[in-house]
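*Asks:* Fold the following and give me the result.
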Amino acid sequence: MLELSSRAARLIFGAIVILLALFLFFPVYWLVISALKPNQELYRIIPTLWPQEPVLTHARTAFERGNLFLNLKNSFIVSGGAAALNTLLAAYAGYSVAKFRYFGRRPIMILLLSAQVLPFGLLLITIYPVMVNFGLLDTHLGLVLASIVFALPVSIYMLYSYFAQVPGEMIEAARADGAGELRIFHTIVLPISIPPLVTVFLYGFMWSWNDLLYSMTLIVSEDKRTIGPGLLLNYLNETNADWGGAMAASIIASLPILVAFAILQRWFIQGVTAGSVK
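*Replies:* Residues are numbered from 1 along each chain as shown. Next comes the predicted model:
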């Protein structure tokens, strides 16, 4: 049997980690070098592994062509709104399931989680007529409401796992002092729950930011498009395929997520691990 502390085991695990890193980061590497290649090198039959004559033409194209900044602004509005609404609903729902005993509590949680296994395209078939009937089609509010179906079930479960570990004695002491349930939640529980709340906010933001199916279906006006459909329709359509420009614009579109994660990664990691120990 292979000993985990042996040199052979370390070499094997090191090789596995390197292979996983290559598998995960090679698409990112290909994205960057493709954005730096001139078109004559980009469209070679046998591709090169690095740009032989790096150019910034595609980066300039990304800033000058289409509505990149308008698409980014729309994405910030939709993703920020969806993440905030998702966090708000998940916090109240998670606390309710974790700290109150009422009939149907567990079936409701199972029903919420089961919605996550349904294909998003199937949910869109039911969401679309609702948006039409309420006049929310082709509005940012409609896309915000539709976007939370991606992240809300898992977000509720994440916060439920965290709130279930909040000591009951602390809540009982606050009740004994005359504090109401909302005051206990707002002034005692929420201030000690910042890491999982940040995690849920980032989780909802990333789901909404990366969405393409719903944003292409529910938004039809060009001035309301988010970044996903904006990139696709500007660079890759029936009459045009500008891969270099698409790669450069994709890098620019990815920067907000990377910056947000870099700033909030400490709380994100704390939030992910907060509900894992019982």
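*Asks:* Every contact and neighbour count from this point should use C-alpha atoms.
*Replies:* Fine.
*Asks:* Tell me the helices and strands packed up against the lowest-mean-pLDDT helix or strand in the chain.
*Replies:* Least confident helix or strand, the chain: helix 243-274 with a mean of 79, by mean pLDDT, DSSP states H and E. Under the contact criterion of 3 or more Cα pairs under 8 Å, 6 or more residues apart in numbering; DSSP states H and E, helix 243-274 touches helix 7-36, helix 57-64, helix 194-210, helix 227-235.
*Asks:* looking at those, which is closest to P119?
*Replies:* Among the helices and strands packed on helix 243-274, helix 194-210 comes nearest to P119, with 14.6 Å by Cα to Cα.
*Asks:* what helices or strands is the helix or strand following that closest one leaning on?
*Replies:* Downstream of helix 194-210, the next assigned helix or strand under DSSP states H and E is helix 213-218. In terms of contacts (3+ Cα pairs under 8 Å, 6+ apart), helix 213-218 is packed against helix 120-133, helix 140-163, helix 227-235.
*Asks:* So for helix 213-218, what gets flagged as buried?
*Replies:* Using 16 or more other Cα atoms under 10 Å as the test for burial, helix 213-218 gives 214-216, 218.
*Asks:* check contacts around the residue nearest to L197 when sequence neighbours are not counted.
*Replies:* Excluding its sequence neighbours, the residue lying closest to L197 (Cα to Cα, 6 or more residues apart in numbering) is T87, at 6.7 Å. Counting by Cα atoms under 8 Å, 6 or more residues apart in numbering, T87 makes contact with 155, 197, 200-201, 204.
*Asks:* if we go to 7 Å?
*Replies:* 197, 200-201 (Cα atoms under 7 Å, 6 or more residues apart in numbering).
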